[in-house]
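1. one predicted model, sequence on top.
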Amino acid sequence: GAGVSQSPSNKVTEKGKDVELRCDPISGHTALYWYRQSLGQGLEFLIYFQGNSAPDKSGLPSDRFSAERTGGSVSTLTIQRTQQEDSAVYLCASSFGTGSTGANVLTFGAGSRLTVL
Amino acid sequence: RKEVEQDPGPFNVPEGATVAFNCTYSNSASQSFFWYRQDCRKEPKLLMSVYSSGNEDGRFTAQLNRASQYISLLIRDSKLSDSATYLCVVGLGNTPLVFGKGTRLSVIA
């Protein structure tokens, strides 16, 4: 696609429910990131996929968070048993990855705003 | 020491002013450097890459000082539309890019 697409754009859920957030990166981009941004705060790295390599999960805040990337394209971030502190904007970004100057320039999606009541 | 550090601001400047932001990074092996801009309640967008020799794009100039491990962004002739948060970003090979927390700029009429 022309840009990074994320869905849903807004999600309100009750504490304890599971949520799935989807990211459709730019076609041909091998690198995909998930970040989280709470109100008024900086970007918090969650997870990074690069091609067929094992993902870098070092930023996931707890085992309630998981992500997968199917076929090297679409990614889903799953949060199980949501808590109020999970409320934030979840941003996905993609890039060409490696191989040339500018290959790791990120393009962000518009984000999924999650509110846990 | 945090990997990428920025003065959070806010920087409040009048229209037409020149303003400069600095950013320091801790990993001396870092290879790629960027400035992103984030408007309120929007996603970050690339403002400019930062090259070793320094680079300019219109009113914006970016500089890299590897010896001191800092990056700077200079904005000349500030416009109201420049009001945003400016994010410093540093990368190394295949490892995830690291974002600073951002510096908030408000340009006042």
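-> Nice, thanks for sending it over.

2. alpha carbons only for contacts and neighbour counts from here, please
-> Fine.

3. count of neighbours near residue 91?
-> By default, I'm working from chain A. Neighbourhood size, residue A:91 [other Cα atoms under 10 Å in any protein chain shown]: 26.

4. nope, chain B please
-> For residue B:91, the neighbour count with other Cα under 10 Å is 19.

5. just confirm it contacts residue B:33, I think it does.
-> Yes: between residue B:91 and residue B:33 there is a contact at 6.3 Å, judged by Cα atoms under 8 Å.

6. and stretch B:10-27, is it in reach of chain A?
-> No: using Cα under 8 Å from any Cα of the partner chain, stretch B:10-27 stays clear of chain A, coming no nearer than 12.3 Å.

7. helix, strand, or coil at the residue of chain A found nearest chain B?
-> Closest residue of chain A to chain B, Cα to the nearest Cα: residue A:42 (4.3 Å). The assignment at residue A:42 comes out as coil when based on DSSP: H, G, I helix; E, B strand; the rest coil.

8. nearest residue to it other than its sequence neighbours?
-> Leaving aside its sequence neighbours, residue A:42 sits nearest to residue B:101 (Cα to Cα, 6 or more residues apart in numbering or on different chains; 4.3 Å).

9. the one you found - how many residues pack around it?
-> Using other Cα under 10 Å, the number of residues around residue B:101 comes to 21.

10. low pLDDT regions in chain B?
-> Applying pLDDT under 70 to chain B flags the ranges B:1-2.

11. which residues does residue A:95 bridge with?
-> Counting by DSSP bridges, residue A:95 is bridged to residue A:31.

12. verify the stated contact: it with residue A:73.
-> No: in terms of Cα under 8 Å, residue A:95 does not count as a neighbour of residue A:73; the distance is 11.6 Å.

13. need the residues touching each of the two.
-> With contacts defined as Cα atoms under 8 Å, 6 or more residues apart in numbering or on different chains, the residues adjacent to both residue A:95 and residue A:73 are residue A:30.

14. between these two, which one's more packed in?
-> Using other Cα under 10 Å, the more surrounded residue of residue A:95 and residue A:73 is residue A:95, with 23 against 20.

15. for the more buried one, give its distance to residue A:109.
-> 12 Å (Cα to Cα, to the nearest Å).

16. residue numbers of chain B in contact with chain A?
-> Within reach of chain A by Cα under 8 Å from any Cα, chain B has these residues: B:42-46, B:49, B:93-94, B:96, B:98-102.
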